[in-house]
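Colleague: got a predicted model here, sequence first, then my questions.
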Amino acid sequence: SDITGELKAERFKVGMLTAEGADKDLQIEACGRSQLLDLVGRQAQVTDLTAQLARQKDFVQKLQEEEQALEAEKQMAYDALEQCRVDLHQSRRRMEAMEGRNADMERGAEGRAAVLDAA
């Protein structure tokens, strides 16, 4: 009967330990679920941030392409302006040359008229 009592006491202890172990298993499982949900949430955040980064990279690339296009347009405008300056300079030279010839012609005509008048 002492053995039966000890056996019952041991079974009770085993039962208590089993219940405590099951309770701890439930706690661990709940903690694991909580951590898993936290990780899933973090993964969603990382996915969102990755998508935002990709959009920002696309936006920056488009801005750089627009900047290059504007730089090319600016260079074309500078080139056209320089060509206008060259054309203007050449036109001035031609005008000065024509004015010089006109002045020579007028002096020649005046000289001929003076010769004719003297004759």
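Modeller: Now that the structure is in, tell me what you want to look at. Worth saying up front: this structure is predicted, and the values here are computed from it rather than measured.
Colleague: secondary structure element holding the spatially most central residue of the chain?
Modeller: Taking CA atoms, centre = their mean, the centroid of the chain lies closest to residue 60, which sits 0.9 Å from it. Using DSSP states H and E, the element containing residue 60 is helix 2-118.
Colleague: same for that helix, what does it pack against?
Modeller: For helix 2-118, not one helix or strand is in contact under the criterion 3 or more CB pairs under 8 Å, 6 or more residues apart in numbering; DSSP states H and E. The way it works is simple: take the backbone N, C-alpha and C, and place the C-beta from them, glycine included.
Colleague: do you know how far residue 93 is from residue 83?
Modeller: Distance of residue 93 to residue 83, given as CB to CB, to the nearest Å: 16 Å.
Colleague: next: residue 3.
Modeller: 117 Å.
Colleague: looking at the two, which one has more neighbours?
Modeller: Using other CB atoms under 10 Å as the criterion, residue 3 and residue 83 rank with residue 83 on top: 10 against 7.
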